[in-house]
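In: sequence unknown, structure follows:
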């Protein structure tokens, strides 16, 4: 059985949280283009699960400007082995810092001894089912492009500004799927 609840961020709108009863399996923006990714069963509203209380406390701290770590929560994102590896790397991006899709691809290529494309990494980042907690908003295009964010560019900017990221080197693309 899957369970869900909502969390009002006060900054970027309402997030939907999902759990298998033990771990957090989802955290999506209202307008997330991959809302519900990895969940193949119906979700039942259940606001009082302990994991939801823990997630609310974590999110309260994050939106208050603290720096909680993703590892403080029981997380169990559903995806392919490749996607889960990308999501694990996302959890290592420090608060207030950014990386590029290419940097993640290079790291994965080094780890595997093979080749890796930034586009493949981008596909996995875009399907991250644990937004904010697994910080996909900290990933940029190679030249400072703010593209590739399921919650929209305006939301990405707000999260980066909350973390104190210097936005002067970034730009919003004129066209794209994440505007």
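Out: That came in fine, so what should we check first? These numbers come from a predicted model, not from an experiment. Numbering: from 1, shown residues only.
In: Quick check: closest non-adjacent residue to the residue nearest in space to the middle of the chain.
Out: The centroid of the chain falls nearest to residue 131 when counting by CA atoms, centre = their mean (2.8 Å). Nearest non-adjacent residue to residue 131, counting by CB to CB, 6 or more residues apart in numbering: residue 27, 5.4 Å away. To be clear about C-beta, it is placed using only N, CA and C from the backbone, and glycine gets the same treatment.
In: That neighbour sits in which helix or strand?
Out: strand 24-29 (DSSP states H and E).
In: who does that strand touch, helix- and strand-wise?
Out: strand 14-19, helix 50-63 (3 or more CB pairs under 8 Å, 6 or more residues apart in numbering; DSSP states H and E).
In: now the last one, how far from the chain's geometric center?
Out: On the basis of CA atoms, centre = their mean, to the nearest Å, helix 50-63 is displaced by 15 Å from the centre of the chain it belongs to.
In: and the next helix or strand after that helix, which residues are buried?
Out: The helix or strand immediately downstream of helix 50-63 is helix 81-90, counting by DSSP H and E. Going by neighbour count (16 or more other CB atoms under 10 Å), the buried part of helix 81-90 is 83, 85, 86, 87, 89, 90.
In: Name the nearest of those relative to residue 61.
Out: residue 90 (18.6 Å; CB to CB).
In: Was I right to think the closest one contacts residue 128?
Out: Yes: taking contacts as CB atoms under 8 Å, residue 90 lies within contact range of residue 128: 6.6 Å.
In: what residues do these two have in common as contacts?
Out: 134, 136 (CB atoms under 8 Å, 6 or more residues apart in numbering).
In: State the pLDDT value of residue 178.
Out: Per-residue pLDDT puts residue 178 at 50.
In: do you know how far the residue nearest to residue 71 when sequence neighbours are not counted is from residue 136?
Out: Closest residue to residue 71 apart from its sequence neighbours, by CB to CB, 6+ apart: residue 91 at 6.7 Å. According to CB to CB, to the nearest Å, residue 91 stands 10 Å off from residue 136.
In: who's more crowded, the two?
Out: Each of residue 91 and residue 136 has its neighbours counted (other CB atoms under 10 Å); residue 136 has more, 26 against 14.
In: Would you enumerate the residues in contact with the nearest residue to the more buried one once chain neighbours are set aside?
Out: Nearest non-adjacent residue to residue 136, counting by CB to CB, 6+ apart: residue 128, 4.3 Å away. By CB under 8 Å, 6+ apart, the contact set of residue 128 is 77, 86, 87, 90, 134, 136, 150.
In: which one of those is nearest residue 12?
Out: Closest to residue 12, out of all of those and judged by CB to CB, is residue 150, at 12.0 Å.
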